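# Pasting the sequence and the predicted coordinates here, then a few questions.
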Amino acid sequence: LASTSPVLLLLCMQESHQSSADFRFYIKNQSRDNVSRKQVRIYQLYSRTTGKHVQILGKKINANGEDGGKYALLVVETETFGSQIRIQGKESGYYICMDKSGKIIGKLNGSSPECVFVEEFLENNYTAFVSAKYKGWYLGFNRKGRPKKGMRTAQTQQEVHFMKRGLKGTVDPQEEFRFTTSPGNERTARVRCVDLTRTF
């Protein structure tokens, strides 16, 4: 006679997955009015010339930030259907701005047109940021990490080339729009399991 025994079948469905590691990369949509929406992204900007990261200390800005440093974490605001952005230091609260002399400075109020930049995606996988107000003037830093004046920059210069990175480079910049976890949610993956019991 064949014996009967219960067999437990466990069916697990993973609804979403994302490695949060030390850094949570997210996009937060916020309603600004009835027509437009604003996206907020958080990342670091790796400088091609210094091998370090852009950091906003306050009025002073440089490209000597360590990977994972609190002043190197940037809050980037952009329109959903546009490439114009504002870059704010998460720790300091200051925005990166460019004045009429081409000097890079930090301002607490980022509403000025001088604090608006346009993202340009380059063929070498780097990104450049050109002033929306002063055409042809780019955000750039020399090999010592000091800001370059806008009129002395060009898109072809390595000094204006940056790469978007998560904390310690854990997030691929090409994946930035795929991750939509909120900053307060430490668990980004949920697993739902269903027990199916049969008797043979």
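Received, thanks.
# C-alpha from now on. contacts and neighbour counts both.
Noted.
# contacting residues around residue 48?
Residues in contact with residue 48 (CA atoms under 8 Å, 6 or more residues apart in numbering) are 158-163.
# for the residues you listed, which one is nearest residue 139?
Checking the contacts of residue 48 against residue 139 by CA to CA gives residue 160 as the nearest, at 5.9 Å.
# Could you verify my assumption that that closest one touches residue 149?
No - using CA atoms under 8 Å, residue 160 is not in contact with residue 149, being 11.1 Å away.
# what residues are shared contacts of the two?
Common neighbours of residue 160 and residue 149 (criterion: CA under 8 Å, 6+ apart): residue 140.
# of those two, who's got more company?
Legend: neighbour count by other CA atoms under 10 Å for residue 160 and residue 149, higher for residue 160 (25 against 18).
# Spatially nearest residue to the more buried one (excluding sequence neighbours)?
residue 140 (4.2 Å; CA to CA, 6 or more residues apart in numbering).
# Could you report the neighbour count for the one you found?
By other CA under 10 Å, 31 other residues sit near residue 140.
# Just want to check the distance between it and residue 127.
The gap separating residue 140 from residue 127 is 11 Å, by CA to CA, to the nearest Å.
# who touches both of these two?
Counting by CA under 8 Å, 6+ apart, the common neighbours of residue 140 and residue 127 are residue 161.
# and the nearest residue to residue 104 once chain neighbours are set aside, what pLDDT?
Nearest residue to residue 104, sequence neighbours excluded (CA to CA, 6+ apart): residue 98, at 4.6 Å. With respect to pLDDT, residue 98 scores 98.
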